[in-house]
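1. Sharing a model that was predicted from the sequence below.
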Amino acid sequence: MAIDLSKSDLIVAVIGAGAMGRGIAQVCAQAGLQTLLYDARDGAVAEAIASVGKGLDGQVVKGRLSADDKAGVMARLKPMATLAEAAPAGLVIEAIVEDLAVKRELFRALEKHLSADAVIATNTSSLSVTEIAAGCERPARIGGLHFFNPPPVMKLVEVIGGLRSDPELTGALVQFSRRIGKQPIVATDTPGFVVNHAGRAYGPEALRIVAQGIAAPFEVDTLMKESAGFRMGPFELLDLIGADITHAVMESIYARYYDEPMYQPSAQLAVRVAGGLLGRKSGRGFYDYASAPAAQAATIAVAPSVKPKSVWIADEAGGGDLAALLEAAGIDTVLGGTPDAKDLCLVTPLGEDCTSAALRLKLDPARTVAVDMFGNPLGRSLGRITAMKNPLTAPDALSAAVAALAATGAPVTAINDSAGFVVQRLLAMIVNVGTRIAELRVAAPADIDTGAELGLNYPKGPLALGDTLGPSRVLAVLDGMQALTRDPKYRATAWLRRRAALGVSLHMPD
Ligand SMILES: NC(=O)c1ccc[n+]([C@@H]2O[C@H](COP(=O)([O-])OP(=O)(O)OC[C@H]3O[C@@H](n4cnc5c(N)ncnc54)[C@H](O)[C@@H]3O)[C@@H](O)[C@H]2O)c1
């Protein structure tokens, strides 16, 4: 039986009138579809419809919607008193509590009321579509339509086919998503689908950087915004979403990928969740929302210093660019050769910490400071500059390095030793997880990028980001991090390694 969700008289039933269900119902009604709404809790549907009405009133006041259009939407949105009233629906979208047993019971009950060709789609974030459909009579008609919060605002929808879904189902759900004005991407039925999987790099790696005392949360946030072009820092994002929600997603994906080290949750975040430091909603997370913003203490107190007359710079990738920046700021530079005993030595490693770079180049660690020249993925100026010390760097050497870098006009953040600084680590992890999603055939490369851009608000999707930075440079960062730490979470995927070796785009299919 062909699957057709394009009929003009298609009726949609939304089950669950909470945060997501009411938004999904509004989107369907605004797209001109007759939309039924049901909830197991008495009064929930009336509350939801009233709240949709109130939201639309706001749009009318702002002139974004006419009063007639609002009235049309409200007329198309109808409450259901019982599940049996879903009978005329050609598509049911389920958005009830995230509980496998409860969802399964609902799906079995729905099958009894619906016609044999009706489609049921779950909005689950963390359960398997195949698992929800198991035990149903018509698993071929069950798939996933994963909306993002709030559905009327977020453009993205993930379309998921279960293992028993009809091969036509994803195509029909893709068309339906476009019909209601959304941008669909297609994902296989795997933990976290695309977006929650792609998000397993930014927050977790930032938490590790802070746990290791390399930089403070506000320093990581500023670096990611000012040097890497992200709209929000990882800790601002954690506070916005809520540490409890993020930690639960981290635990779920880690467990469902059988303890894949790349997705290891944060022990430090677990303590914060237990202590109620959840973020904006609890008044305090990584930032304090209850009181006026106070100045935050930098990880390293750098004493002010006059800018040095000259510096020695290692003649490696990024060294020439740094020399040009400093020359333009009126500082003499010596690129390569053997430094004098008193010279301030600047190194520009990729994926290497300051200690290793100083020892490899036979420099005096006390006079050596590392500068991150990895670059801004948006191609603008270097933005904020990172200066990284090793445990032996003398305070006056760090002060002189910071003064030299500040003379370029860019703000400077000083951090403790880290293979990959802050920005290199975070960007390389985002790219690596993106390539893992491609390698596991969770979605097509273009859909992975669309998912991260629209679902996570990244300036670029992970694969496009990797192409901009250069796959071989991203690989060098990961290899460097793994070489120092021996930690398997930093191993590069074969997808990345192969494309870096061939010199082709990370979008290149097999
Ligand atoms: N909140 C998000 O950011 C978000 C984003 C994407 C997907 N999701 C998923 O969407 C679903 C709903 O999430 P939410 O945030 O809207 O939850 P919610 O708690 O706001 O709403 C759930 C609603 O379902 C109702 N309900 C519970 N059991 C029911 C049943 N057996 N039959 C009918 N109604 C029932 C509840 O009364 C409640 O009104 C979950 O599967 C969740 O994982 C949530």
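-> Cool, the structure landed.

2. my read is residue 334 is in a helix, agree?
-> No - using DSSP: H, G, I helix; E, B strand; the rest coil, the assignment for residue 334 is strand, not a helix.

3. State the distance from it to the ligand.
-> 55 Å (Cβ to the nearest ligand atom, to the nearest Å). C-betas here are computed from N, CA, C, even on glycine.

4. Which strand or helix spans residue 207?
-> Here residue 207, judged by DSSP states H and E, is contained in helix 202-211.

5. export that helix as CSV, just CAs?
-> Output of helix 202-211 as CSV, limited to C-alpha atoms (Å, rounded to 0.1, in the frame of the first residue of the first chain):
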residue,chain,number,x,y,z
TYR,A,202,31.6,20.6,22.2
GLY,A,203,30.3,20.4,25.8
PRO,A,204,32.1,17.2,26.9
GLU,A,205,35.5,18.4,25.6
ALA,A,206,35.0,21.8,27.1
LEU,A,207,34.2,20.2,30.4
ARG,A,208,37.4,18.2,30.2
ILE,A,209,39.5,21.3,29.5
VAL,A,210,38.0,23.0,32.7
ALA,A,211,38.3,19.8,34.8
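
6. The helix or strand that it is followed by - contacts with which helices or strands?
-> Using DSSP H and E, the helix or strand that follows helix 202-211 in sequence is helix 217-226. Applying 3 or more Cβ pairs under 8 Å, 6 or more residues apart in numbering; DSSP states H and E, one finds that helix 217-226 contacts helix 202-211, helix 234-241, strand 412-415, helix 423-439.

7. Which part of the stretch 1-150 of the chain gets nearest to the ligand, residue-wise?
-> At 1.8 Å from the ligand, residue 18 is the closest residue in the stretch 1-150 of the chain, using Cβ to the nearest ligand atom.

8. Would you agree that residue is in contact with residue 123?
-> No - checked against Cβ atoms under 8 Å, the pair residue 18 and residue 123 is beyond contact range at 10.3 Å.

9. ok, the two, which is more surrounded?
-> residue 123 (24 against 15; other Cβ atoms under 10 Å).

10. burial of residue 387, as a residue count?
-> Residue 387 has 25 nearby residues by other Cβ under 10 Å.

11. can you pull the buried residues of the helix or strand of the chain with the lowest mean pLDDT?
-> The weakest-scoring helix or strand in the chain, judged by mean pLDDT, DSSP states H and E, is helix 319-328 (a mean of 94). For helix 319-328, the neighbour count (16 or more other Cβ atoms under 10 Å) marks 319, 320, 322, 323, 325, 326 as buried.

12. ok, of the residues you listed, which one's closest to residue 68?
-> Within the buried residues of helix 319-328, proximity to residue 68 (Cβ to Cβ) peaks at residue 325, which comes in at 59.1 Å.

13. my guess is that closest one contacts residue 409, does it?
-> No - using Cβ under 8 Å, residue 325 makes no contact with residue 409, being 9.5 Å away.

14. backbone phi and psi for the spatially most central residue of the chain, please?
-> Centroid-nearest residue in the chain, with Cα atoms, centre = their mean: residue 199, separated by 3.4 Å. With angles defined as degrees, to the nearest 10, residue 199 sits at phi -80, psi 0.

15. what's the spacing between the closest residue to residue 276 other than its chain neighbours and residue 295?
-> Closest residue to residue 276 apart from its sequence neighbours, by Cβ to Cβ, 6 or more residues apart in numbering: residue 282 at 5.5 Å. Here the criterion is Cβ to Cβ, to the nearest Å. By it, residue 282 lies 23 Å from residue 295.

16. neighbour-wise, which of these two wins?
-> residue 282 (16 against 6).

17. Can you list the residue ranges for helices in the stretch 351-500 of the chain?
-> Ranges of helices within the stretch 351-500 of the chain are 354-360, 395-406, 423-439, 445-455, 462-469, 471-485, 494-502, based on DSSP state H, counting those that start in this stretch.

18. So which of these is the most surrounded?
-> helix 423-439 (a mean of 27; mean count of other Cβ atoms under 10 Å).

19. what's next to stretch 248-264, contact-wise?
-> 125-126, 191-192, 196-197, 199-201, 203-204, 265-266, 269, 429, 432-433, 436, 487-489 (Cβ atoms under 8 Å, 6 or more residues apart in numbering).
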